[in-house]
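**Student:** quick one: sequence plus predicted model below, questions after.
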Amino acid sequence: MLRLGAHESIAGGLHKAFDRGVDAGCESLQIWVKNSRQWSAPPLDDDAVRHFQEVRERTGIGPVVAHAAYLINIAAPKPELYAKSVRALTAEVERCETLNVPYLVLHPGSHTGAGVETGLARVVHALGEIHAAMPGYRTQILLETTAGQGTNLGAEFEHLAYLLAETPENERLGICLDTCHVFTAGYELRTPEGYAETMTAFDHVIGLDRLKAIHLNDSKYPLGSRRDRHEHIGKGYLGEESFRHILNDARLDGLPGLLETPKSKDLHEDRENFAVLRSLVD
């Protein structure tokens, strides 16, 4: 089955996310690699990197997935924001490479009125720049499926397929599928037939071999609503059956399945969501 995990806080140091992961019952983990509310961060020092790697090895949690800051918009038509976003994303990839974090999840971005074709072309150019600047890097950028709010790109599988096809060195890219996002973008997951149709479409348009991580989030809003609001497992419009289909799909075995649901400091919500998910495995 999936290696279940959650996005955990790095407050107090990057390595602290592993301790929180152990407390919550994580097998895999998602983190920020810097303060997500800031454009830049001080360089990683050797002690912080060593401590991160030691605690990861001690806990056995993995794979570790990073999430890029939401500030980044490499689809931006405004040159200043575009350049700032490329610099910020480059820095995050560098931090992931230093920490030996294999995946960095990225929202493709928003075209802010310039149009889908223009926005996608900006993303292709940005990713090409980043790949050219970092030859031989192992960290893969994972383009995340989105709900399609406003002018956000990535709500249609065809958007992601275009980015995979057109980006230079595209073997360095993968996909992260978010259950809440694809559902509110209009892809059915609740019934066996709907789930099969959605995954067949994903495989045909993108390819299941490009899927490297899954965000396991229920939705506060219904199918096709284009709203991005996460809910606890089984308590939203997706319901438990959607997650039963995912957890029992042998094609997804071994992928990190990561919660991004609301939580308090004691992490009881993560533990409760994991209990529900594990109860759905046949």
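**Tutor:** Received it, and whenever you're ready, just let me know what you need.

**Student:** switch to C-alpha atoms for all contacts and neighbour counts from now on
**Tutor:** Noted.

**Student:** quick check, residue 43 in a helix?
**Tutor:** No. Residue 43 is assigned coil when assessed by DSSP: H, G, I helix; E, B strand; the rest coil, not a helix.

**Student:** what about it, distance to residue 53?
**Tutor:** Per CA to CA, to the nearest Å, residue 43 is found 16 Å from residue 53.

**Student:** looking at those two, which is more packed in?
**Tutor:** residue 53 (16 against 10; other CA atoms under 10 Å).

**Student:** dump the residue contacts of the nearest residue to that one once chain neighbours are set aside.
**Tutor:** Closest residue to residue 53 apart from its sequence neighbours, by CA to CA, 6 or more residues apart in numbering: residue 99 at 7.2 Å. By CA atoms under 8 Å, 6 or more residues apart in numbering, the contact set of residue 99 is 49, 52-53.

**Student:** over to residue 260?
**Tutor:** 6-7, 215-217, 230.

**Student:** so which of those residues are in helices?
**Tutor:** Within the contacts of residue 260, no residue falls in helices by DSSP state H.

**Student:** tell me what the spatially most central residue of the chain is bridged to.
**Tutor:** Geometric centre of the chain, nearest residue: residue 105, 4.1 Å, by CA atoms, centre = their mean. With DSSP bridges as the criterion, residue 105 is bridged to residue 67, residue 142.

**Student:** could you say what helices and strands the helix or strand where residue 174 lies packs with?
**Tutor:** Using DSSP states H and E, residue 174 sits in strand 173-178. The contact analysis (3 or more CA pairs under 8 Å, 6 or more residues apart in numbering; DSSP states H and E) places strand 173-178 against strand 140-144, helix 157-166, strand 211-216.

**Student:** angle of the second one against strand 140-144?
**Tutor:** Right, helix 157-166. Per axes from the mean of the first three to the mean of the last three CA atoms, to 10 degrees, the angle that helix 157-166 makes with strand 140-144 is 160 degrees.

**Student:** again, but for the last one
**Tutor:** In terms of direction (the same axes, to 10 degrees), strand 211-216 departs from strand 140-144 by 50 degrees.

**Student:** may I have strand 211-216 exported as CSV, CA atoms only?
**Tutor:** What follows is strand 211-216, C-alpha atoms only, in CSV (Å, rounded to 0.1, in the frame of the first residue of the first chain):
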residue,chain,number,x,y,z
LEU,A,211,3.2,9.7,-10.5
LYS,A,212,5.6,10.0,-7.6
ALA,A,213,3.5,11.2,-4.6
ILE,A,214,-0.2,11.6,-3.6
HIS,A,215,-1.7,14.2,-1.3
LEU,A,216,-4.5,12.5,0.6
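
**Student:** phi, psi of the residue nearest to residue 53?
**Tutor:** phi -90, psi 0 (degrees, to the nearest 10).

**Student:** what does residue 120 give?
**Tutor:** Phi and psi for residue 120, reported as degrees, to the nearest 10, are phi -60, psi -40.

**Student:** quick one, strands of this protein?
**Tutor:** 3-7, 28-31, 64-67, 103-106, 140-144, 173-178, 211-216, 218-219, 230-231, 256-259 (DSSP state E).

**Student:** I'd like the mean pLDDT over the second one, please.
**Tutor:** pLDDT averaged over strand 28-31 equals 98, rounded to a whole number.

**Student:** residues contacting the closest residue to residue 252 other than its chain neighbours?
**Tutor:** Leaving aside its sequence neighbours, residue 252 sits nearest to residue 2 (CA to CA, 6+ apart; 6.5 Å). With contact set as CA under 8 Å, 6+ apart, residue 2 has these partners: 247, 252-257.

**Student:** per-residue confidence at residue 2?
**Tutor:** 98.

**Student:** same thing with residue 117?
**Tutor:** On the pLDDT scale, residue 117 gets 98.
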